[in-house]
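J.: Kindly generate the corresponding structure for this input.
(chains A and B)
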2 protein chains.
Amino acid sequence: MKATAKAPSNIAFIKYWGRKDEALKLPSNGSVSMNLSGLTTTTTVEFSPDYKEDEIIINGILEPEEKTAKIFSHLDRIRKFAKIDEKAKIVSENSFPRGTGLSSSASGFAALTLAASKAAGLDLSEKELSILARQGSGSACRSIPDGFVEWLDGDTSEDSYAVSLYPPEHWDLVDIAVILTEQVKDVSTTEGQKLAATSPFFEARQSKIKDKIVKIKDYLKNKNFEKFGELVESEALELHAIMLTSQPSLIYINPATVAVMKAVKKWRSEGLQVYFTLNTGQNIHLICEKISAAAVVSKVKESEFAQAIIENAPSRGAGIADHHLF
Amino acid sequence: MKATAKAPSNIAFIKYWGRKDEALKLPSNGSVSMNLSGLTTTTTVEFSPDYKEDEIIINGILEPEEKTAKIFSHLDRIRKFAKIDEKAKIVSENSFPRGTGLSSSASGFAALTLAASKAAGLDLSEKELSILARQGSGSACRSIPDGFVEWLDGDTSEDSYAVSLYPPEHWDLVDIAVILTEQVKDVSTTEGQKLAATSPFFEARQSKIKDKIVKIKDYLKNKNFEKFGELVESEALELHAIMLTSQPSLIYINPATVAVMKAVKKWRSEGLQVYFTLNTGQNIHLICEKISAAAVVSKVKESEFAQAIIENAPSRGAGIADHHLF
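T.: Below you'll find the predicted structure:
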């Protein structure tokens, strides 16, 4: 009753912000993303009658009790599904810092869902895994399928899951994650999500989002990088416009984020084909085609913005790993 | 045929962004502002047959030809009104740097309108001056009347002017203008205004702005500082949300602006009653009551954000000055 899974984080091109069902984590709209090869979580789960309590160790540190509720209630969900009641030991390792807007909850809950369901003796379909991962942490459902992914806009739990649009090989896009700070966010994504609908602009955003998803899928299909980049960047700014106008306001962008945003626009005006996108949190993702990646990385390094740079290719979704972490 | 006028800049609590008539500079909506005692322009205008060309010296420097078109066409407007055709010499001095979001065009065109009309032999009413100033630079119309001001939402040039809501003595608000940089904006306000309606959120903003004006006037009347500050700050963020989502996007905020925005929220959470507002440009205005001003200034100084701090009380509008600049 032990299994290990590895899952990527993902970057959304069309974002998920706001929920139509808080308990089921049903988002207000569909979203489109890419799995990230360099931002992964590996998790080993073992269920055993020897364990008296659930326990989770992340990056070598025992997760403090006040932070485990979300994780253990996800375990309960999987135990209920598998009709088992053994407690679990979980060991998890991220290839990147947590709580900095790099979506460790996406890769984390995707890996946990796959490893725990396997360890519990379940053999779930991709759709079932995606639905289950979503209940742990919304965007984790997008880290289950391969490559370029759409989270379908469903009105019930059974209809709200992610599917692969294209395998990783479809388009050699590069996501350059620029890590500006390891400072943890003031307001968690979960709390922020609840405020989305308080923005006076939320309805206007919702009224156009289906059209944006049609467009991004078209640009993705045709590999129209310029149109794609323009839409991705304007979507990121729209997300932050919603956050800034929430009541109370959410200022997730940091001084350094703004510096990079302005730099990207400047580099583009000089002919470098690169666009930015942002999640919540303090890091920024630069999107380019492979042909431009070295030039973009070199610009970022010159500018001394970054504490670290992680270059990501499109990647497979969550998968079983052979090597256990304990 | 020589006159000198002094006019304040102003800070809008409910903003003007977007125009329903580009040529007449009719804004999409009304706005509410306060004149600023420490941000002033003094301008002397002389019409004389001795002058062969119009000429303007700002802060001791002859204004280069490519930047005079807006100013000289405003002079033409006044000459036409007064039925004169003498050329003019203009000398103008700002108490603060230009082109940094401190609305030098508001104080500048208000002072120019009053000085030039007086020098041209006109004796205009406050309403006439406000209409005329507006045609030079929109928000200049708000720098004509005294104290706390409303720019009425008119559909014709004759109906689009500003009136005093309360004299400066009404409420001892303080505007602490934090000058972060003297770098000039990438995109001028005039160009930015044209993009307002390209934001997917512009209509949603417009649909609620009349209600915001009713509210801000109520808080102003009752000196309800907390409600007032909350609305002022959320309006500033809404303005920048519109800018960020324009097509193409306008990123007027700077890294340092974001640092101050976050600091203000933190100071407030610690009990200091202060809110921020932003115009376009790179500076930030902190709004508090007089009783908190020293504490706010001390916080700003401690944080080393500011190149300079200008403390402003509510002030009179444009007025004739006795002392000519030449």
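
J.: give me the element the residue in the stretch 51-200 of chain A that chain B sits nearest to is part of.
T.: Nearest residue of the stretch 51-200 of chain A to chain B (Cβ to the nearest Cβ) works out as A:P200 at 5.7 Å. Glycine gets a C-beta too; all of them are placed from N, C-alpha and C. A:P200 is part of no helix or strand when elements are defined by DSSP states H and E.

J.: Could you show which parts of the stretch 151-300 of chain A are in contact with chain B?
T.: Contacts of the stretch 151-300 of chain A with chain B, taken as Cβ under 8 Å from any Cβ of the partner chain, map to A:200-201, A:203-205, A:208, A:233-234, A:237-238, A:240-242, A:244-245, A:247, A:249, A:251, A:253-259, A:261-262, A:265.

J.: one step back: the residue of the stretch 51-200 of chain A closest to chain B touches A:T245, doesn't it?
T.: Yes. Counting by Cβ atoms under 8 Å, A:P200 does reach A:T245; the two are 6.0 Å apart.

J.: Between the two, which contacts overlap?
T.: By Cβ atoms under 8 Å, 6 or more residues apart in numbering or on different chains, A:P200 and A:T245 have these common neighbours: B:E238.

J.: who has more neighbours, these two?
T.: Neighbours per residue, other Cβ atoms under 10 Å in any protein chain shown: of A:P200 and A:T245, the larger number sits with A:T245, 26 against 19.

J.: Low-confidence stretches in chain A?
T.: A:97-103, A:182-185, A:281 (pLDDT under 70).

J.: So the residue of it most remote from its centre, which state does it fall into?
T.: Of all residues in chain A, A:D50 sits farthest from the chain's C-alpha centroid, using Cα atoms, centre = their mean; the distance is 33.8 Å. Put simply, A:D50 is coil when judged by DSSP: H, G, I helix; E, B strand; the rest coil.

J.: List phi and psi for it.
T.: Backbone dihedrals for A:D50, given as degrees, to the nearest 10, come out at phi -70, psi -20.

J.: ranges for the helices of the stretch 151-300 of chain A?
T.: Assigned by DSSP state H, counting those that start in this stretch, the stretch 151-300 of chain A shows helices spanning A:189-195, A:202-222, A:225-244, A:255-269, A:290-303.

J.: what's the answer for the stretch 1-150 of chain A, then?
T.: In the stretch 1-150 of chain A, the helices defined using DSSP H, counting those that start in this stretch lie at A:69-82, A:104-119, A:126-136.

J.: With distance to chain B and mean neighbour count as extra columns, can I get those helices in a markdown table?
T.: Converted to a markdown table, the helices of the stretch 1-150 of chain A look like this (distance: least, Cβ to the nearest Cβ, whole Å; neighbours: other Cβ atoms under 10 Å in any protein chain shown):
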| stretch | distance to chain B | mean neighbour count |
| --- | --- | --- |
| helix A:69-82 | 25 | 17 |
| helix A:104-119 | 23 | 29 |
| helix A:126-136 | 27 | 23 |
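
J.: So A:K118 versus A:R77, what's the distance?
T.: Between A:K118 and A:R77 the distance is 15 Å, computed by Cβ to Cβ, to the nearest Å.

J.: Hmm, I typed the wrong one, I wanted A:A119.
T.: A:A119 sits 14 Å away from A:R77, going by Cβ to Cβ.

J.: Look up how far A:A119 lies from A:A3.
T.: To A:A119, A:A3 is 4 Å away according to Cβ to Cβ.

J.: Could you name every residue contacting both of the two?
T.: Among the neighbours of A:A3, those also in contact with A:A119 (Cβ under 8 Å, 6+ apart) are A:V45.

J.: follow-up on the earlier one: show me the one of the helices of the stretch 1-150 of chain A that comes nearest B:S137.
T.: Of all these, helix A:104-119 sits nearest to B:S137, with 48.6 Å by Cβ to Cβ.

J.: by contact count, what packs against the closest one?
T.: Contacts defined by 3 or more Cβ pairs under 8 Å, 6 or more residues apart in numbering or on different chains; DSSP states H and E place helix A:104-119 against strand A:2-14, strand A:31-48, helix A:69-82, strand A:87-94, helix A:126-136, strand A:319-321.

J.: Nearest spatial neighbour of A:G154, chain-adjacent residues omitted?
T.: A:S160 (3.7 Å; Cβ to Cβ, 6 or more residues apart in numbering or on different chains).

J.: Quick check: phi and psi on that neighbour?
T.: Backbone geometry at A:S160, expressed as degrees, to the nearest 10, gives phi -110, psi 90.

J.: Around the nearest residue to A:I287 once chain neighbours are set aside, how many other residues sit close by?
T.: Spatial nearest neighbour of A:I287, excluding adjacent residues (Cβ to Cβ, 6+ apart): A:Y275 at 5.1 Å. For A:Y275, the count of nearby residues is 22 (other Cβ under 10 Å).

J.: can you pull the contacts of A:Y275?
T.: A:229-230, A:232-233, A:264, A:268, A:286-288.

J.: Give me the distance between it and chain B.
T.: Here A:Y275 is placed at a distance of 11 Å from chain B (Cβ to the nearest Cβ, to the nearest Å).

J.: Likewise for A:Q206?
T.: Taking Cβ to the nearest Cβ, one finds A:Q206 at 11 Å from chain B.

J.: repeat for A:A295
T.: Counting by Cβ to the nearest Cβ, the separation of A:A295 from chain B is 22 Å.

J.: Can you tell me, leaving aside adjacent residues, what's nearest to that residue?
T.: A:L272 (5.9 Å).

J.: show me the contacts for the one you found.
T.: A:288, A:292, A:295-296, A:299.

J.: Could you give the number of residues near the residue lying closest to A:N29 once chain neighbours are set aside?
T.: What sits nearest to A:N29 in space, not counting adjacent residues and going by Cβ to Cβ, 6+ apart, is A:I209, at 4.4 Å. Around A:I209 there are 20 other residues, counting by other Cβ under 10 Å.

J.: quick one, what contacts A:I209?
T.: A:14, A:29-30.

J.: out of those residues, who has the most neighbours?
T.: Tallying neighbours with other Cβ under 10 Å puts A:I14 at the head of these, with 25 neighbours.

J.: Touching, that residue and A:S31? I think so.
T.: Yes. If you go by Cβ under 8 Å, A:I14 and A:S31 touch, sitting 5.2 Å apart.
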